[in-house]
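K.L.:
got a sequence here, can you build the structure:
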Amino acid sequence: MDLWKEQDPSGISPNVSNERKIATASSGEKALYIFIVILSIITIIGWIFLLIWWFKTKNHLIQTKNSVNEASSSIQVAQTKRFDLLNKMIEQTKSYYKFEQKVLDEITKNRSVQMSSDINKNEEVLSKLQNLVNVQFERYPDLKSSNILMELMSTSSYLENEIASSRRAYNSRATDWNIMIFQFMTVIVAAKLKLDTFPIYAASKQERADVSMKSLSDF
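P.N.:
Numbering: from 1, shown residues only. Below is the predicted model of the structure:
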């Protein structure tokens with residue numbers, strides 16, 4: 001039986017049509033396909049750019065955080081130098097006069113404290129040591145005749161200015177950091193990394209008065 005011939009209308013069962021047909025997509029199907037392809041390409045490119053932005057932002061945050069920590073470390077280094085210098089000044093003044101027991105006890109107490117990572121606590125120690133030196137110069141004016149002490153005081157003033165400069169640099173970087181981690185879209189990365197703000201250093205009025213070299217400047 002030739003299946004390619006037209007079926008006899010009087011036949012009992014119609015035959016199945018086996019006419020060859022070429023698959024063709026409608027205009028709507030073609031448009032939908034093109035849209036899906038373009039969307040996929042855009043999505044892939046978008047993900048690539050998003051990943052690049054993520055790691056770039058992450059690296060920038062890490063670099064900035066290290067910069068703030070470096071500024072904080074500079075303060076601590078300067079504080080340690082001044083701490084050692086004040087101890088030398090105390091040794092020099094002790095060699096000139098026999099201090100009262102109360103003063104010696106206070107000196108021993110403050111010199112036994114080690115510089116720590118807490119900038120404010122370090123300032124308290126430095127303030128107390130500086131006060132001890134100031135008191136002795138006020139009590140014994142002829143200490144000013146010591147060239148060694150004059151040189152140490154000059155260095156102490158320089159280090160005090162260095163600490164102040166380091167504080168300003170730290171505060172500037174810490175302020176920029178504190179603003180940065182809350183900016184959109186950086187805050188998304190910062191939150192994922194669980195980053196937080198840095199404290200801003202602000203010396204109290206008492207601390208500023210304590211570390212002042214004013215009482216030693218009129219030589």
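K.L.:
the bottom helix or strand of the protein by mean pLDDT?
P.N.:
Every helix and strand of the chain was ranked by mean pLDDT, DSSP states H and E. The lowest is helix 205-210, at a mean of 50.
K.L.:
touching stretch 162-170 from outside, list them.
P.N.:
Residues from elsewhere that reach stretch 162-170, judged by Cβ atoms under 8 Å, 6 or more residues apart in numbering: V68, A71, S72, S74, I75, A78, Q79, K81, R82, Y201, A203. Using the backbone N, CA and C atoms, a C-beta is placed for each residue, glycine as well.
K.L.:
let me see the mean pLDDT of that stretch.
P.N.:
Model confidence over stretch 162-170, given as mean pLDDT, is 91.
K.L.:
dump the C-alpha coordinates for that stretch into CSV.
P.N.:
Taking Å, rounded to 0.1, in the frame of the first residue of the first chain, the C-alpha atoms of stretch 162-170 are listed here in CSV:
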residue,chain,number,x,y,z
GLU,A,162,55.1,64.0,67.1
ILE,A,163,52.3,62.3,69.1
ALA,A,164,49.9,65.2,68.4
SER,A,165,50.7,65.0,64.7
SER,A,166,50.2,61.2,64.7
ARG,A,167,46.9,61.7,66.5
ARG,A,168,45.7,64.1,63.8
ALA,A,169,46.7,61.6,61.0
TYR,A,170,45.0,58.8,62.8
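K.L.:
for that stretch, what is the distance to the chain centroid?
P.N.:
For stretch 162-170, the distance between its averaged C-alpha position and the chain's averaged C-alpha position is 15 Å (Cα atoms, centre = their mean, to the nearest Å).
K.L.:
list the buried residues for it?
P.N.:
Neighbour-count burial for stretch 162-170 flags E162, I163, S166, R167, A169, Y170 (criterion: 16 or more other Cβ atoms under 10 Å).
K.L.:
of these, which is the nearest to E123?
P.N.:
Looking at the buried residues of stretch 162-170 and their distance to E123, the nearest is I163, at 8.4 Å (Cβ to Cβ).
K.L.:
for the protein, which residue is closest to the average position?
P.N.:
Closest residue to the average C-alpha location of the chain: K65 at 2.9 Å, with Cα atoms, centre = their mean.
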